[in-house]
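K.L.:
Prediction below, plus the sequence it came from.
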Amino acid sequence: MRNTLPLLLLLALWIPPLQAAFNTSVGVFDTDRFLQHSGRANAITQELEQWSKTKQQAAETLMTEIKSLQNQLADPAIGPEQQAQLTTELQTKTLNLRRFTEDTQAEHSRRSQNMLREIEKVLGPLIQQVAKREGIQLVLNKVRGDRILYFEESIDITDMVVTLYDKGP
């Protein structure tokens, strides 16, 4: 009896949390699908894509100039003075392209993070609203590389959140 009393006390302490775990209602929110299906979120991401296209065009212009300089340097008819000038210009443009690319990547990352932060500010309360309305106590975020191995589609609240988000403030 002495050895079973601590075991019974331990079991008594574990039963309420186990019962609560079995009664917990869970929902899933799919961030990728939200970004694909929300018209409002698409408008925001289109702005970022347009900015990226503009930067890509500027990079392509620099690459064209670099290619032109390389072609000029390959001409055996150019003199040493012109070759030195073209070499310096090529080095400068190559360095400018590298800096431009690094700056553009950093700026894209910053803009992308800011965009997601702005969307998340609105999403948090909407997810809570849907969860409370549907009686959900726990919402898991399904993202690429996630650890959710399986879930029933019936617990996915993404479409409900998309509808609320697209209605606007």
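P.N.:
In hand now; what should we look at?
K.L.:
Off-centre distance for the helix ranked longest in the chain?
P.N.:
Identified as the longest helix of the chain according to DSSP state H is helix 80-134. Relative to its chain's centre, helix 80-134 lies at 13 Å (Cα atoms, centre = their mean, to the nearest Å).
K.L.:
What strands flank the very next helix or strand once past that helix, and is each parallel or antiparallel?
P.N.:
Proceeding N to C from helix 80-134, the next assigned helix or strand is strand 138-142, under DSSP states H and E. Its sheet considered, strand 138-142 pairs with strand 26-30 (parallel) by DSSP bridges.
K.L.:
Looking at the following helix or strand past the strand it pairs with now, give me its mean pLDDT.
P.N.:
Remark: after strand 26-30, the chain's next helix or strand is helix 31-37, criterion DSSP H and E. Over the span of helix 31-37, the pLDDT mean works out to 88.
K.L.:
Buried ones in the one helix or strand Ser52 maps to, by neighbour count?
P.N.:
Ser52 belongs to helix 39-73 when assigned by DSSP H and E. Within helix 39-73, the residues scored as buried using 16 or more other Cβ atoms under 10 Å are 41, 45, 55, 62, 65-66, 69. Every C-beta, even on glycine, is put in place using the N, C-alpha and C of the backbone.
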